[in-house]
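> 3D, please:
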Amino acid sequence: DEEEEEDDNSAAGHSDAIHSHNSNNGNGSNASQAAAYTAHPFAADENRDAIVQSLETPRAVKLFTLDSEERWVDVACGKYTQPNAGFVAVLQADDGKLLRQWDWRTCSNVSWEADHVIVWSEADVEADSTVHSRFALSFHVSDWNVDVWKGISAAAHIQVSADESRHDPAGAVQGQIQFPDLPKDLSFSTLETAASAIMSVATTRLDPTNDKDVKMQSAALCEDAAIQIREKKYMEQLKDLFEQCEDLEDDANLGHLYTLMKGMLSLCQASIFESLIDCDGLMTVIGILEYAPTGRQEHRKYITETVKFKQAVPIEEGVLLTSIHDSFRLQYLRDVVLASWIDDPLMSVLSSLIIFHNVDIIERLQSDQAFLERLFQLLCDSEDDPAVSRRDQVRFLLEFCKLSNSLELSKRKDFLSMLIDRGVLLIFDHVLTHQEDDVRVTGATVLQMLLEVNAPHVQAKTFSQIPTKSMRPTLLMIVTEAFVDDKLPAVILQLLECLKLLLDVNHNFFTPERKKIYVLHFLDDCLSSMLAVVRDATPATFATRVGAMRIELLLDILCTCLGRQALAVYVRSYLKHSEMLETLVRLFSMGNNVITLAMLRFLRALLTFPLESLMQKIISQGYMEQVMGVLKANGARYNMLTSTVLDLLEFLKKGNSSLLVVKHLVNTCGDQLRSITFSSVGKELYEACNGSSDGTHEWTTATEVNEEDVLAEQTPSAAATERAEEAYFDSVDDEADAGPMSSSSDDESILADRPKRKVEDDDDDEDDVLGRMMKQSKK
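The predicted structure follows:
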């Protein structure tokens, strides 16, 4: 067709150069060339006539060669024949002009790849007999048959019948392509041949343009090549060959070794890496890969001299030490040496090997009781050991915990539980207060990791420390003290996350009684010391980044507590009976926008609970006037402050808080609300408040829950509580049918009839009561 004619013409440009090269070898006409080879290599084949006819029939092909950048380049296209079915292959243009010819007997690594592609290597006689060029013939699909391969393989001395599993053309037609035999012994003479053969297969696997069939065939070739590499013990041979090349400073063969090693790794076969580890060849691999074409990088010098292997606790088991070194070298190989050309499949294979090594390491360490006893003896000793620095001990503990990431989740929890049971929590009283920043950062990271994976176990140990808190501080007290005193932002942020995880009491360990003891311990012994920071704060405190950030994060902790039902009732009770609200309102006047935003978020979280005594306290401390003062001081600028204030007003307008607060805001700041020009929320809130008396707007009624009863010491039995609750809700439903609730005093009378019980029995009871009262108020 026309496209083939164009391809043939485009290949004619290469013909003169190729013809000139062949004319120097004294080649004559096709007839004389064929006469030189009269013996048929397949004379005994029963299909001799068919093979001869297939080879003597011109067939459309394209000739490719592998360039210096390991890319296949189209050289020429024409008609392929083997005159008289001899050993010589001839490539001619359509006009009969000789493009190229070669003798199959002098070719090496001849293989049949894909469905109609023949690949081989030839020695470049003019340059150097040890330099080989790689070629490929791609036959047109319609011009290909199995007899062509039989003739070529016989001419190239490939014994098809000797190993049918590797060179059976019929099997190849069915997709069972096999990799050709590699040299059994690696030497300077066979090194380039092996490198070219392996690299050609690896290049095919890495080619993203291959279709599905080619990728499947490439995977089979890679697997077959890996089997040969392992069976012929290439890695053991490479170690000696590499040492010889380095001693002789043989740059050419070092380059071939690099190509061979890159090809072997690019096959992406786990068996090759296993053979590397079995023969202790990782350093050999890293050494070979130093000699990249772009220039040498001294990786081995970095590993052996720059990086120091430190042991916080001596490890005496030789197998374990070897596994640790191999794991580090595999990670270095993946992340540094191969970083410029590694692909996803190879990354996956290496990562899997690293995980297997890590699992083996952690299981061996976990089973070594003497090692664990020595480790925790050093960690729990408050006095620094001069022989081993505290930094190395804590860093080792961090690496020890990180290794558990390779385990399954259940095994990882068991491993960290083992550390907790052995007393790892006892180290934090001197680690989190250590004078070295690195020790504190590492210690906070370890604690956060323990809490993220197994928080209930850590909380259980913390709960067991509460009875003896006067003699030894609990973990909550230690973390709080470090949060208050530390000067490093990174440590403060980590401790904030640790506090949030420690205060998450919604799991089975915390019975109602335990929950009460635990939360009250935090409020009485921990939160009070945090509030002292706010009480002692001055404008100079907010001039530093750490001072402002600490108070902002404190307000974040309070918002978190108010947002959790299991903690909210205790925090609200603490707010009502302490001077905390009086202390916090000072923060509005500090002139720090970040703190002001945090206060606005805290106030919104507080207004979500319409308890009358709490609302009265908010009003008496002037919180709403401070909010409008923020809006006034910000002026016409529409920034985060303005947006947060408007959002709070919208929250109030929708009736999500107490009418008591809204009326106070309208009465004291009504003119300012109506004067807001860049938003209508102020006018709408004013009008909604004035319209509430005639029933045109619904509001949440401020109620009072008896927090003292909720926090009572005595808890009724579960059966008695259930009966009392049923009677209570029945009475509420009867009163709802009789008539609407008209005042907050009626709310209090209903709440007075509620049986006394602790909030831990059901954290949702208070919200259920408030929800029913809201419905009755609306009626």
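
> Show me where this protein has its strands.
According to DSSP state E, the chain carries its strands in the segments 59-66, 72-81, 88-92, 98-103, 108-113, 117-124, 128-139, 291-292, 295-296.

> Run a quick check on residue 574 versus residue 527, I expect a contact.
Yes. The criterion here is C-beta atoms under 8 Å, and residue 574 meets it with residue 527 at 7.2 Å. Quick note: C-beta positions are derived from backbone N, CA and C, even for glycine.

> TSV for the strands of the chain, including mean neighbour count?
Shown next, in TSV, are the strands of the chain (neighbours: other C-beta atoms under 10 Å):
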stretch	mean neighbour count
strand 59-66	20
strand 72-81	20
strand 88-92	22
strand 98-103	19
strand 108-113	22
strand 117-124	20
strand 128-139	17
strand 291-292	18
strand 295-296	8
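
> Let me have those in TSV, extended by distance to residue 229 and mean pLDDT.
Below are the strands of the chain laid out as TSV (distance: least, C-beta to C-beta, whole Å; pLDDT from 0 to 100):
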stretch	distance to residue 229	mean pLDDT
strand 59-66	20	86
strand 72-81	23	84
strand 88-92	30	87
strand 98-103	29	87
strand 108-113	15	78
strand 117-124	18	81
strand 128-139	19	72
strand 291-292	20	91
strand 295-296	25	88
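
> export the ones you listed to TSV and tack on distance to residue 510?
Conversion of the strands of the chain to TSV gives the following (distance: least, C-beta to C-beta, whole Å):
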stretch	distance to residue 510
strand 59-66	69
strand 72-81	68
strand 88-92	83
strand 98-103	83
strand 108-113	66
strand 117-124	69
strand 128-139	70
strand 291-292	59
strand 295-296	61
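
> Could you say which one of those comes nearest to residue 260?
strand 291-292 (11.3 Å; C-beta to C-beta).

> Just checking: what are the partner strands of the closest one?
Using DSSP bridges, the strands paired with strand 291-292 are strand 295-296 (antiparallel).

> now the strand it pairs with, how far from the chain's geometric center?
From the chain centre to the centre of strand 295-296 is a distance of 32 Å (C-alpha atoms, centre = their mean, to the nearest Å).

> Out of the strands of the chain, which gets nearest to residue 243?
Short answer: strand 291-292, nearest of the strands of the chain by C-beta to C-beta, at 13.3 Å.

> Any chance you could list what contacts that closest one?
Applying C-beta atoms under 8 Å, 6 or more residues apart in numbering, the contact partners of strand 291-292 are 251, 254-255, 257-258.

> Please apply the same query to stretch 618-626.
Contacts for stretch 618-626 (C-beta under 8 Å, 6+ apart): 581-582, 585, 588-589, 599, 603, 606-607, 660-661, 664-665, 668-669.

> what does stretch 418-425 give?
Contacts of stretch 418-425 (C-beta under 8 Å, 6+ apart): 366, 372, 376, 379-380, 397, 400-401, 446, 450, 454, 457-458, 461-462, 475.

> do that again at 7 Å, thanks
366, 372, 376, 380, 450, 457-458, 461, 475 (C-beta atoms under 7 Å, 6 or more residues apart in numbering).

> Any figure for the gap between residue 402 and residue 362?
10 Å (C-beta to C-beta, to the nearest Å).

> what do you get for residue 186?
Counting by C-beta to C-beta - residue 186 and residue 362 are separated by 37 Å.

> Now do the helices in the stretch 451-600 of the chain.
With DSSP state H, counting those that start in this stretch, the ranges of helices along the stretch 451-600 of the chain come out as 475-485, 489-502, 512-522, 528-535, 545-562, 565-577, 580-584, 593-607.

> Sort out which residues of the last one are buried, please.
Meaning helix 593-607. Going by neighbour count (16 or more other C-beta atoms under 10 Å), the buried part of helix 593-607 is 595-607.

> again, but for the shortest one
Applying a neighbour-count criterion of 16+ other C-beta under 10 Å, the buried positions in helix 580-584 are 580-581, 583-584.

> okay, those residues in TSV with pLDDT and distance to residue 541 next?
Formatted as TSV, the buried residues of helix 580-584 follow (pLDDT from 0 to 100; distance: C-beta to C-beta, whole Å):
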residue	pLDDT	distance to residue 541
580	86	18
581	89	20
583	88	14
584	90	14
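
> Closest to residue 541 out of the contacts of stretch 618-626?
residue 589 (13.0 Å).

> nearest residue to that closest one other than its sequence neighbours?
Distances taken as C-beta to C-beta, 6 or more residues apart in numbering place residue 626 nearest to residue 589, at 7.8 Å, with adjacent residues excluded.

> Near the one you found, how many other residues are there?
18 (other C-beta atoms under 10 Å).
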